[in-house]
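1. What would the 3D arrangement of this be:
(chains A and B)
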Number of protein chains: 2
Amino acid sequence: MHFTAETSSNGVVERDFTVGEVPGVLFSPESGSELAPLVLMAHGGGQHKRAPGIVGRAHRFVTGCGFHVAAIDAPGHGGRPRTAADEQHIAALRQAQAAGEPLGPHVVRIHIDLAERAVPEWQATLDALQQLPQIGAEGPVGFWGIMQGTGIGVPLTAVEPRITAAVFGCLGQESLTEAAARITVPIEFLVQWDDEHIDRRSGLALFDAFASKEKTLHANAGGHGEVPGFEVDSAARFFARHLGGTAPA
Amino acid sequence: MHFTAETSSNGVVERDFTVGEVPGVLFSPESGSELAPLVLMAHGGGQHKRAPGIVGRAHRFVTGCGFHVAAIDAPGHGGRPRTAADEQHIAALRQAQAAGEPLGPHVVRIHIDLAERAVPEWQATLDALQQLPQIGAEGPVGFWGIMQGTGIGVPLTAVEPRITAAVFGCLGQESLTEAAARITVPIEFLVQWDDEHIDRRSGLALFDAFASKEKTLHANAGGHGEVPGFEVDSAARFFARHLGGTAPA
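-> The predicted model follows:
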């Protein structure tokens, strides 16, 4: 793990890092040298580790709860090179979009392909992060990722026992059912009730598939991109409940 | 409106009152003489205005948010006399229970009958409460009621423009669909995902029926009586967002 840059603003230290070829950013409390829980945060499709939603949510988790938050670029995202398969996926998605065809089948293939590469990358990133003294090998770890972040996060959480609480949502794919059924940690799951891309029934079916004894579905009126701002604090409280740390006021 | 008794504990003043024949209790901040929002709180079937869930939630709303909370006994509940119809409903319900038959059809009839009487009672109670200087005629009003509280609260909120935010849930009845479709105020709606009495699909259908632009469904793993404790604070934050007042820490 190499740290390549450090900036600080509003009580949050942001440190750029690389683990192998994967670039990431670690958001931490400015004042904190003590052990604190870690939340892994996965961005959406076509976005990157510093997308506004990621940075805003990470800052809220750091300043509101005292957490560390780590975000990495997904394969083929941010500044990362695209494989021939990535390019084909994107071309097929654009073609379907232009033709007004359903995007779902393309998105499923993209997520399956991405998850195969991203799961070991997240695991290597977590290995490296846990060697930092302010995170530690025994500290609690959460995962936050909706949309493509769920496409990657569900397979990751199914095989990664260090993740003990996760927020997913805005996605419903039968290809994820089997992995979801292996997950037993507490889950908060978002559904946009009027989602123009994701049939709400598929989201409800994915929520149903989790084997978790404690799981909560938050369904909000509105379209795919209209997740209400108050769900940021709800996720922070969910993680504070399960990982420790302060709940935001 | 007649106040008949007053006690005070843990920062909450409880004042018993009657409006006509209806007995109620008003929970208020001990320190508060200033205007504060009011939440009307309806108890579940077979319960009463001082059921532990009502008192616990009311105290949390008063101390956490500075609200006033008013609870009244539903017709035939608490110390209130039962009509011949009430007795018949209860006998039919017990018979069905003993025979292992579905309770749903009986519950629907009970709620329809109760709501006819309870809606004007809640409106008269609200008229009286709004004459108190610390509540006032212009102050914001919310409604909280799940199970039977939803069976009464949905018809009430549909006809009562003074209610500007409501928490409902743990019920799904086609008989409520029409009233729900007339409701446009913000709604938080609870579903118990593994409810042994209420088919989750009927709860989802009732949530879907609300015309509200802002509505949030909270579905939690667990049976009918297992609504998680953290939903109390979630409801408090929902009301603080829409009625004003402080959100609980």
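2. For the rest of this, base every contact and every neighbour count on C-alpha atoms.
-> OK.
3. Contact residues of chain A facing chain B?
-> Residues of chain A lying near chain B by C-alpha under 8 Å from any C-alpha of the partner chain: A:213-222, A:247-249.
4. Repeat the analysis, applying 6 Å as the threshold.
-> A:214-221, A:249 (C-alpha under 6 Å from any C-alpha of the partner chain).
5. Those, buried ones only, as a ChimeraX selection?
-> Of the residues of chain A next to chain B, the buried ones go into a single ChimeraX selection, burial set by 16 or more other C-alpha atoms under 10 Å in any protein chain shown:
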select /A:214,215,216,217,218,219,220,221
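6. Show me which pair in the residues of chain A next to chain B is furthest apart.
-> A:Ala221 and A:Ala249 (24.5 Å; C-alpha to C-alpha).
7. pLDDT below threshold where in chain A?
-> A:32-33, A:249 (pLDDT under 70).
8. about what we covered before: would you mind giving the residues of chain A next to chain B as TSV with secondary structure added?
-> Shown next, in TSV, are the residues of chain A next to chain B (DSSP: H, G, I helix; E, B strand; the rest coil):
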residue	secondary structure
A:Glu214	coil
A:Lys215	strand
A:Thr216	strand
A:Leu217	strand
A:His218	strand
A:Ala219	strand
A:Asn220	strand
A:Ala221	coil
A:Ala249	coil
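9. Ramachandran coordinates for A:Phe168?
-> Per-residue torsions, A:Phe168: phi -130, psi 180 (degrees, to the nearest 10).
10. Just confirm it contacts A:Gly145, I think it does.
-> Yes: at 5.4 Å, A:Phe168 counts as touching A:Gly145 under the criterion of C-alpha atoms under 6 Å.
11. Would you map the strands across chain A?
-> In chain A, the strands defined using DSSP state E lie at A:2-9, A:12-19, A:22-29, A:38-41, A:68-72, A:141-144, A:163-169, A:187-192, A:215-220.
12. May I see the ones you listed organised as CSV, with distance to A:Arg50 added?
-> Formatted as CSV, these follow (distance: least, C-alpha to C-alpha, whole Å):
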stretch, distance to A:Arg50
strand A:2-9, 13
strand A:12-19, 10
strand A:22-29, 8
strand A:38-41, 11
strand A:68-72, 8
strand A:141-144, 15
strand A:163-169, 19
strand A:187-192, 22
strand A:215-220, 25
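13. Of all the ones you listed, which one comes closest to B:Gly24?
-> strand A:215-220 (33.2 Å).
14. Adjacent strands (with direction) for the closest one?
-> Sheet pairing here is set by DSSP bridges, and for strand A:215-220 it gives strand A:187-192 (parallel), strand B:215-220 (antiparallel).
15. Just tell me which of the ones you listed ends up closest to B:Ile152.
-> Closest of the strands paired with strand A:215-220 to B:Ile152 is strand B:215-220, at 18.9 Å (criterion: C-alpha to C-alpha).
16. Can you report how many residues lie near A:Gln91?
-> Check again: residue A:91 is Ala, not Gln. A:Ala91: 12 surrounding residues under other C-alpha atoms under 10 Å in any protein chain shown.
17. I'd like to know how far it sits from A:Ala84.
-> 11 Å (C-alpha to C-alpha, to the nearest Å).
18. for A:Asp16, same thing?
-> From A:Asp16 across to A:Ala84, the span is 27 Å (C-alpha to C-alpha).
19. for A:Thr157, same thing?
-> Between A:Thr157 and A:Ala84 the computed distance is 28 Å (C-alpha to C-alpha).
20. same question, A:Pro52
-> For A:Pro52, the distance to A:Ala84 equals 28 Å [C-alpha to C-alpha].
21. and those two? which has more neighbours close in?
-> Taking other C-alpha under 10 Å, A:Pro52 and A:Ala84 do not tie; A:Pro52 has more neighbours (12 against 9).
22. Kindly provide the distance from that one to A:Ala58.
-> Distance, A:Pro52 to A:Ala58, using C-alpha to C-alpha: 10 Å.
23. and if you look at A:Glu178?
-> Distance, A:Glu178 to A:Ala58, by C-alpha to C-alpha: 30 Å.
24. which of these two has more neighbours?
-> Taking other C-alpha under 10 Å, A:Glu178 and A:Ala58 do not tie; A:Ala58 has more neighbours (28 against 15).
25. Identify the residue nearest the more buried one in space, chain neighbours excluded?
-> Nearest residue to A:Ala58, sequence neighbours excluded (C-alpha to C-alpha, 6 or more residues apart in numbering or on different chains): A:Val69, at 5.9 Å.
26. Identify the residues contacting that neighbour.
-> A:26-27, A:38-40, A:58 (C-alpha atoms under 6 Å, 6 or more residues apart in numbering or on different chains).
27. Looking at neighbours, which among those residues is most surrounded?
-> Per-residue neighbour counts (other C-alpha under 10 Å) across the contacts of A:Val69 peak at A:Leu38, which has 30 neighbours.
28. Who are the contact partners of it?
-> If you count contacts by C-alpha under 6 Å, 6+ apart, A:Leu38 has them with A:67-69, A:141.
29. ranking those by neighbours, who comes first?
-> When neighbours are taken as other C-alpha under 10 Å, the top entry among the contacts of A:Leu38 is A:Phe67 (30 neighbours).
30. Surely that one and A:Pro37 touch.
-> Yes: in this structure, A:Phe67 is within contact of A:Pro37 by C-alpha under 6 Å, at 5.2 Å.
31. picking that back up, kindly reformat the strands paired with strand A:215-220 as a markdown table containing distance to B:Glu6.
-> Supplementary listing: those in a markdown table, determined by distance: least, C-alpha to C-alpha, whole Å:
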| stretch | distance to B:Glu6 |
| --- | --- |
| strand A:187-192 | 42 |
| strand B:215-220 | 36 |
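32. And these: which comes nearest A:Ser9?
-> With distances scored as C-alpha to C-alpha, the stretch of those nearest to A:Ser9 is strand A:187-192 (29.3 Å).
33. Let me know the angle separating the closest one from strand A:163-169.
-> Angle of strand A:187-192 versus strand A:163-169, following axes from the mean of the first three to the mean of the last three C-alpha atoms, to 10 degrees, is 10 degrees.
34. hmm, who's touching strand A:187-192?
-> With C-alpha under 6 Å, 6+ apart, strand A:187-192 has contacts from A:166-170, A:215-220, A:222-224.
35. If we use 8 Å, what do you get?
-> A:146, A:165-171, A:200, A:203-204, A:207, A:212, A:214-224, A:226-227, A:235, A:238 (C-alpha atoms under 8 Å, 6 or more residues apart in numbering or on different chains).
36. From the chain's centroid, how far away is it?
-> Offset of strand A:187-192 from its chain centre (C-alpha atoms, centre = their mean, to the nearest Å): 12 Å.
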